[in-house]
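K.L.:
pasting a predicted model and its sequence here:
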Amino acid sequence: MRARLPDREGDVVRDGVRTHYYVYGAGERTILLMPTWSLVHARHWKGQVPYLSRYYRVITVDGRGNGRSDRPAEGEAYRDHEF
C-alpha cells in the first residue's frame, strides 16, 4: 500500500518551541501516534497510517529536533520531560 499524504498539518508552540503535526482521516475517534524515540519523525508511522485513517482520525507528530519541528540548541530542551 502506498504512503498517504496528510489531510492537514499544523504546529503547536510551547515555551517558544514549535512542534509539527499531521492529521489523516476524519473518523469519530482519534488515534495519536507519538514518536517511538527521540530520533524518529512522523514518517515512521507511514505503514500504519493508510489503514488506520480509513476508520479513525490519526495524528502523527514530528518530535523536537526532527522533521518540521524546531531544533532547539540547548541540551535541556531535549530532556525526557520536554518530550
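P.N.:
Structure received. Numbers count the residues shown, from 1 in each chain.

K.L.:
okay, now the residue nearest to Glu76 when sequence neighbours are not counted: neighbour count?
P.N.:
Once flanking residues are discounted, Glu76 sits nearest to Glu82: 7.7 Å by Cβ to Cβ, 6 or more residues apart in numbering. C-betas here are computed from N, CA, C, even on glycine. Neighbour count of Glu82, defined by other Cβ atoms under 10 Å: 14.

K.L.:
so Glu82 is in contact with Ser69, correct?
P.N.:
No: using Cβ atoms under 8 Å, Glu82 is not in contact with Ser69; the gap is 11.6 Å.

K.L.:
need the residues touching each of the two.
P.N.:
Common neighbours of Glu82 and Ser69 (criterion: Cβ atoms under 8 Å, 6 or more residues apart in numbering): Val17.

K.L.:
thinking again about what came up before, can you tell me the element the residue nearest to Glu76 falls in?
P.N.:
Assessed by DSSP states H and E, Glu82 sits outside every helix and strand.

K.L.:
show the contacting residues for it.
P.N.:
Each residue near Glu82 by Cβ under 8 Å, 6+ apart is listed here: Val17, Arg64, Glu76.

K.L.:
buried members of those into ChimeraX, please.
P.N.:
Only the buried entries of those go into this ChimeraX selection, using 16 or more other Cβ atoms under 10 Å:
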select :17,64
